[in-house]
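Enquirer: Here you go, sequence then predicted model.
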Amino acid sequence: MATIDSGREAGHTLIYRHSLAVRLSHWVNVLCLTVLLFSGLQIFNAHPALYWGQYGADNDPSFIAMGAVEDGNQAKGLTHVGSLTFNTTGFLGLSTVDGEATARGFPSWLTLPSYQDLSTGRRWHFFFAWLFVLNGLVYLAHGLISRHFRRDLVPAGNELTLAHLGDEVVNHARLRFPKGAQARHYNTLQKLTYLIVIFVLLPLMIATGLTMSPGFNAVAPWLLDVFG
C-alpha cells in the first residue's frame with residue numbers, strides 16, 4: 001500500500017498508497033454496486049415485502065412490507081415493520097410517476113429502470129453482478145500475486161493483542177489519528193475491516209444473491225438450506 005514517492009509538494013512527502021489495479025477495481029466496484037442497488041430495488045418492487053423463514057407469499061405474515069391503501073377519497077402509502085405501521089406517502093408504498101400517484105415500493109428515481117419492469121431490472125442486476133464477481137476475482141488474484149494482502153492487510157501478531165486493539169479503539173474514538181511514519185500504513189482496525197469485507201461480507205453478499213436465483217438453485221440447491 002505505502003510506496004513512498006521521493007517527490008515533495010509544499011513541504012509534504014507524497015505517498016503512493018494504492019496500486020493502479022486496486023484503484024481500478026475500486027471504481028469498477030463503485031459502478032457495479034450502484035447499479036446493483038438501483039436494479040435490486042426494481043426487483044424488490046415486484047413484490048415489496050420481506051419475510052422471516054424458508055418461504056414467503058402474499059398471505060404469509062411479512063416482517064417488512066410496503067403498499068398503498070385507500071383512505072377516503074385518496075390513497076396513501078404505508079410501510080409495515082413488524083407490528084409498526086408508518087405513513088410513507090410520497091416515498092415508500094405510494095409515489096408520483098409521470099405526475100400520477102402510483103402504488104409501488106420504492107419511488108421511480110431510486111430504481112433502474114425508473115418504470116416498473118422486472119425483466120429489464122433483472123438483466124441489469126445479473127450483468128453487473130457477474131461483472132462484480134469477475135472484478136473481485138481479478139482483485140483477489142492481484143492481491144495474492146503482488147503480496148498486497150500479506151504486506152498491507154495481514155496484522156502482525158503484536159497488533160492483535162487486546163491491549164493494542166483497545167488502544168486503537170480509544171485513539172480512534174478520540175480522533176487521534178496516526179502521524180508520521182505510522183500514517184503511511186493501515187492501522188490494525190483498518191486491516192481487520194478490509195479483511196472482513198473482502199473475505200467475509202462480499203462473498204456472503206454474492207452467495208445470498210445467488211441463492212435468490214432460481215437458475216442457480218438448480219446448480220447449488222444446498223444454498224437454500226444454508227441461507228433459507
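Expert: Perfect, thanks for sending it.

Enquirer: Give me the phi and psi for Ala103.
Expert: Here is the backbone geometry of Ala103 (degrees, to the nearest 10): phi -80, psi 120.

Enquirer: can you tell me which residues contact it?
Expert: Shown in contact with Ala103 (Cβ atoms under 8 Å, 6 or more residues apart in numbering): Gly67, Ala68, Ala75, Gly77, Gly93, Leu94. From N, CA and C alone the C-beta is placed, and that goes for glycine too.

Enquirer: Ala57 and Met66, how far apart?
Expert: 16 Å (Cβ to Cβ, to the nearest Å).

Enquirer: what is Ala49 paired to in the beta sheet?
Expert: Ala65 (DSSP bridges).

Enquirer: So what's the residue count around it?
Expert: Look at Ala49: counted by other Cβ atoms under 10 Å, it has 18 neighbours.

Enquirer: Could you measure from it over to Ser119?
Expert: 20 Å.

Enquirer: next one: Leu50
Expert: 22 Å.

Enquirer: thinking again about what came up before, need the contacts of Ala103 in CSV (columns: secondary structure, pLDDT and neighbour count).
Expert: Output for those, formatted as CSV (DSSP: H, G, I helix; E, B strand; the rest coil; pLDDT from 0 to 100; neighbours: other Cβ atoms under 10 Å):
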residue, secondary structure, pLDDT, neighbour count
Gly67, strand, 93, 17
Ala68, strand, 93, 20
Ala75, strand, 90, 17
Gly77, strand, 94, 24
Gly93, strand, 94, 26
Leu94, strand, 94, 24
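
Enquirer: Tell me which two of those residues sit farthest apart.
Expert: The largest separation in those, counting by Cβ to Cβ, is between Gly67 and Ala75 at 10.0 Å.

Enquirer: my read: Pro155 touches Gln190, true?
Expert: No - contact criterion Cβ atoms under 8 Å: Pro155 and Gln190 do not qualify, at 9.7 Å.

Enquirer: And the helices in the chain?
Expert: Along the chain, the segments classed as helices by DSSP state H run 20-45, 118-145, 148, 162-173, 188-196, 202-211, 214-219, 222-227.

Enquirer: For Lys179, which of the ones you listed is the nearest?
Expert: Per Cβ to Cβ, nearest to Lys179 of the helices of the chain: helix 162-173, 11.2 Å.

Enquirer: still on that earlier bit, Leu50 and Ser119: which has the busier surroundings?
Expert: Shown here are Leu50 and Ser119; by other Cβ under 10 Å, Leu50 has more neighbours (13 against 7).
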